[in-house]
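Enquirer: fold the following, please.
(chains A and B)
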Amino acid sequence: MLNSGSQGNPTPSTRPKKMKKDMGKTLTILLLRGPYISEYADLAANMALKARKMGYKVNMFLYLDGAWLPHVKTDKEYSNAGEWLRWAIKKGVTVKACHRCSEARDLTEDDIIPGVEISGLYGFLDMLAESDKVITFTG
Amino acid sequence: MASLNKKVLISLVHGTYGHQDDGFGAVQLANAILARGGECTLFLRSDGVYILVKGQDPNDLGLPSNLDELADFIELGGVIKADRAAVKERGLLATDLIEDHELIEWDDVLGLLEEHDFCLTF
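Expert: Just a heads-up that it's a prediction; the model follows:
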C-alpha cells in the first residue's frame, strides 16, 4: 500500500520503487472528475500506481472534467494529484486525455503534464479492447 | 482499424444538463463504441432516467440536445434499459418518455452486468 505524506501527497520515501513482474493483465481507469473538487483524481492516480506495482499494465483515460488533471503541473505543499499522475507516467502508465474535452477547456499539450497524449474517444476504445478490468472514477 | 469486440454497459446516474456533462459524455462514448463495432447497453438509474424525457430543448442553454445523441445511439443498434422504480419515483409516465427503452427491475441488474464485459458509470 502506498503511504502518503502528512498532507496526503507522496513523499520520496514512500513512492513506489519496485514493480512486480508483468502479470499479463491490463487495467484501464476512466476518470470523469477534475482535481480538488473531489478525491477521485487522487484515487485514480493512486490506483494506477498501485496496479503498476502489482504488475498490471495500466491505462488511464481522462474524460469530461477528468481532462483537467494533467493541468496540475507544479509542485504544491498539499495533496497533489498532478504529482501522482507524473509518477504514474514515470512508472509506465499510459495516459490519454479526451481531445474534445480538452479542446472545450482550452487545454493543449503545451498546458499539460508531458507524457499525456490528447486523443479521440477511439483512444479509449483501444484501451478497452486490450483490458481485462475497467474502473470508472466519478461521483 | 480493428473492431471492438466487447459488450459495454454504460450506467448513467446523473440528470441531463444540470450535472456536469455526464449524460452527453455517456452517450457520446456509447455511440463511439457502437461505431467501432462493439455492443452497448445504456442503463439509466437514479436521475439518469431524465435523459429519456421527450421534448428536451436546451437551446437556451447553448447546449446540444441529448435526444439527438440518443437517436444516433438507437439507430446504431444501442439498447436502452431504465430502472422502473427510478422512473416511478420521479413521477414520470410512459407518455413523458421516448419509446425506445425497456423498464427493468433491480433483480435484472445482476444479469445485465453478467451479460457485459465492462460496466462504466457516469
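Enquirer: now the helices for chain A?
Expert: Taking DSSP state H as the criterion, chain A carries its helices at A:40-53, A:81-90, A:99-104, A:121-129.
Enquirer: so which of these is nearest chain B?
Expert: Chain B lies closest to helix A:121-129 among the helices of chain A, at 4.2 Å (C-beta to the nearest C-beta). Heads up, the C-betas are built off the backbone N, CA and C, glycines and all.
Enquirer: so what does the closest one touch, helix or strand wise?
Expert: Packing partners of helix A:121-129 (3 or more C-beta pairs under 8 Å, 6 or more residues apart in numbering or on different chains; DSSP states H and E): strand A:26-31, strand A:57-62, strand A:94-98, helix B:22-35.
Enquirer: hmm, try it at 7 Å
Expert: strand A:57-62, strand A:94-98, helix B:22-35 (3 or more C-beta pairs under 7 Å, 6 or more residues apart in numbering or on different chains; DSSP states H and E).
Enquirer: that older thread, want to throw the helices of chain A into JSON lines with mean neighbour count and mean pLDDT?
Expert: Listed next are these as JSON lines, based on neighbours: other C-beta atoms under 10 Å in any protein chain shown; pLDDT from 0 to 100:
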{"stretch": "helix A:40-53", "mean neighbour count": "22", "mean pLDDT": "97"}
{"stretch": "helix A:81-90", "mean neighbour count": "23", "mean pLDDT": "96"}
{"stretch": "helix A:99-104", "mean neighbour count": "17", "mean pLDDT": "96"}
{"stretch": "helix A:121-129", "mean neighbour count": "21", "mean pLDDT": "97"}
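Enquirer: roughly how far does residue B:78 sit from chain A?
Expert: Per C-beta to the nearest C-beta, to the nearest Å, residue B:78 is found 15 Å from chain A.
Enquirer: please name the nearest non-neighbouring residue to residue B:26.
Expert: In space, residue B:26 comes closest to residue B:122 once its chain neighbours are excluded; the distance is 3.9 Å by C-beta to C-beta, 6 or more residues apart in numbering or on different chains.
Enquirer: can you put the helices of chain A in a markdown table and add distance to residue B:38?
Expert: Output for the helices of chain A, formatted as a markdown table (distance: least, C-beta to C-beta, whole Å):
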| stretch | distance to residue B:38 |
| --- | --- |
| helix A:40-53 | 23 |
| helix A:81-90 | 27 |
| helix A:99-104 | 19 |
| helix A:121-129 | 7 |
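Enquirer: out of these, the one nearest residue B:10 is which?
Expert: Closest approach to residue B:10 among the helices of chain A is made by helix A:121-129 (11.7 Å; C-beta to C-beta).
Enquirer: single out the most deeply packed of the helices and strands packed on helix A:121-129.
Expert: strand A:57-62 (a mean of 26; mean count of other C-beta atoms under 10 Å in any protein chain shown).
Enquirer: direction included, what does it pair up with?
Expert: Looking at strand A:57-62 with DSSP bridges, its partner strands are strand A:26-31 (parallel), strand A:94-98 (parallel).
Enquirer: tell me what angle the first one forms with helix A:40-53.
Expert: With axes from the mean of the first three to the mean of the last three C-alpha atoms, to 10 degrees applied, the angle from strand A:26-31 to helix A:40-53 works out at 170 degrees.
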